[in-house]
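# no sequence on hand, only this structure:
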């Protein structure tokens, strides 16, 4: 029995070797030329930014040698993701050569904000080996990709956010449609602690006062505040007209404006109010103090069609709450984003503006207040933000917090949330933060 089985197996093996040993004369010639060394292996000498960038929107410059001068023959990998080329920033004839790409989307988990130990490599058509981003010891230099914008907190349809303020420890305080103020700590941003209660549900601005009180405007003649440490709402100062936006200067004077002819100034005695009649037929949507000047985002509501509809204006701060007449800094229709209705404005450390856009517009625009030039933020090649930011504030560094509340009702309408955006510039000094 065993002998028969062994003999059968031997016969099968002989037959298999016979078949595999036959030459297939119809098989095509090999495309591999053993005498072709291929193109030189690409070499990466530098990456800028060197250690981290933002997926989907972060422009990464790869410097090195042996790249193809045909941009389409160079492929930059971030792990298995492929960067999106930016021809305008690429120079493949220089020495060293430069290949610029936007980092791909490789973080798929909604709860994950960043991915470290990413391997950066470049492949060149015709070269057999990758060029790797490595140190002098031959080890991969770990690269980090972050999401440029993340949902912050655990807000829902029951806890719709209205406005946000940030303290010196980067804790976020968010007023909600349910009447509560939620405190979100950086290490536990999903644990929404009730800090205060009794807020109105039509809040338009929220900021810390130098006293530590959390003060807000609501397009009304009065301001309201929550005392240091939290608790119930208190009624603050009353102006002669409705105000919707507030800010402090370095001396502690509070400025307020809104649907009023006046830009108000509350002096440090807490009682004296100065009325600067500079906004007849205007609505001021945002107000920000920078150095010794006040910048506003304002809308003309009168009937003269020759007057700028939306503009960014400037006032010089003079003595005792008096400000100069407004000067037009940027006419919004000249920014290239005239189809986007501006909603809210904050300033960065260089005195330039970030302006949020209304529904169906560009979500966030950066405006250079020196020359009027403007560019969309995180909108190319893949949009990372969605309209509309009804309220915004910078934290203590480069984090911008946006309250997203859409009026859209279509199935693709963005959900109301608090969004934390990482930018390449810090916010302007905030003189009210205690």
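Cool, the structure landed. Quick caveat, the model's predicted, so the values are computed rather than measured.
# can you give me the helices in the chain?
2-20 (DSSP state H).
# show me it divided up by domain.
43-146, 149-422 (automatic domain parsing).
# burial count for residue 197?
Residue 197 sits with 15 neighbouring residues when counted by other Cβ atoms under 10 Å. Any C-beta I mention is one placed from the backbone N, CA and C, and that applies to glycine too.
# now do the contacts for it.
By Cβ atoms under 8 Å, 6 or more residues apart in numbering, residue 197 lies in contact with 179, 180, 181, 231, 232, 233.
# how far away is it from residue 232?
6 Å (Cβ to Cβ, to the nearest Å).
# how about low-confidence regions in the chain?
1-33, 35 (pLDDT under 70).
# again, only this time at 50
Scanning the chain for pLDDT under 50 picks out 1-21.
# returning to what we had before: pick the most deeply packed of the domains of the chain.
Most buried of the domains of the chain, by mean neighbour count (mean count of other Cβ atoms under 10 Å): domain 149-422, with a mean of 18.
# quick check: end-to-end length of that one?
6 Å (Cα to Cα, to the nearest Å).
# now that domain, how far from the centre of its chain.
Counting by Cα atoms, centre = their mean, to the nearest Å, domain 149-422 is centred 16 Å from the centre of its parent chain.
# can you start the count at 850 instead of 1 from here on
Will do, 850 is the new start, and the previous item becomes domain 998-1271.
# just so I have it, where are all the strands in the stretch 850-999 of the chain?
Assigned strands in the stretch 850-999 of the chain, in chain order: 892-897, 901-903, 908-914, 923-927, 930-931, 933-934, 946-951, 963-967, 969-973, 980-981, 992-995, 998-1000 (criterion: DSSP state E, counting those that start in this stretch).
# OK, contacts around residue 1169?
1116, 1123.
# ok so, going back, tell me which of the contacts of residue 1046 is nearest to residue 1242?
Nearest to residue 1242 among these: residue 1030, at 14.3 Å, using Cβ to Cβ.
# could you find the closest non-adjacent residue to that closest one?
residue 1045 (4.0 Å; Cβ to Cβ, 6 or more residues apart in numbering).
# please name the bridge partners of that neighbour.
With DSSP bridges applied, residue 1045 shows beta-bridge pairing to residue 1030, residue 1080.
# my read: it touches residue 1080, true?
Yes. Counting by Cβ atoms under 8 Å, residue 1080 is a contact partner of residue 1045 at 5.8 Å.
# quick revisit: rebuild the domains of the chain as TSV, extending it with distance to residue 885.
Formatted as TSV, these follow (distance: least, Cβ to Cβ, whole Å):
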stretch	distance to residue 885
domain 892-995	9
domain 998-1271	36
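# nearest to residue 1280, out of those domains?
domain 998-1271 (4.8 Å).
# list the contacts for residue 1039?
For residue 1039, counting by Cβ under 8 Å, 6+ apart, the contacting residues are 1002, 1003, 1033.
# how about 10 Å then?
960, 1000, 1001, 1002, 1003, 1004, 1033 (Cβ atoms under 10 Å, 6 or more residues apart in numbering).
# could you dump the strands of the stretch 850-999 of the chain to a markdown table with distance to residue 1251?
Shown next, in a markdown table, are these (distance: least, Cβ to Cβ, whole Å):
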| stretch | distance to residue 1251 |
| --- | --- |
| strand 892-897 | 28 |
| strand 901-903 | 16 |
| strand 908-914 | 22 |
| strand 923-927 | 27 |
| strand 930-931 | 26 |
| strand 933-934 | 25 |
| strand 946-951 | 22 |
| strand 963-967 | 19 |
| strand 969-973 | 30 |
| strand 980-981 | 38 |
| strand 992-995 | 17 |
| strand 998-1000 | 8 |
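# of the ones you listed, which approaches residue 1156 most closely?
strand 998-1000 (35.1 Å).
# neighbouring strands of that closest one in the sheet, and parallel or not?
strand 1266-1271 (antiparallel).
# related to what we said a few turns ago, and the contacts of residue 1046, which two are the farthest apart?
Largest pairwise distance in the contacts of residue 1046, by Cβ to Cβ, is 13.2 Å, between 1028 and 1080.
# which neighbours do those two share?
1045, 1046, 1047.
# mind listing what the closest residue to residue 939 other than its chain neighbours touches?
Nearest in space to residue 939, with sequence neighbours left out and distances taken as Cβ to Cβ, 6+ apart, is residue 949 at 4.7 Å. Counting by Cβ under 10 Å, 6+ apart, residue 949 makes contact with 897, 908-912, 920, 925, 932-940.
# switch to 6 Å and redo it
Residues near residue 949 by Cβ atoms under 6 Å, 6 or more residues apart in numbering: 910, 935, 938, 939.
# I'm done for today, thanks for sticking with me.
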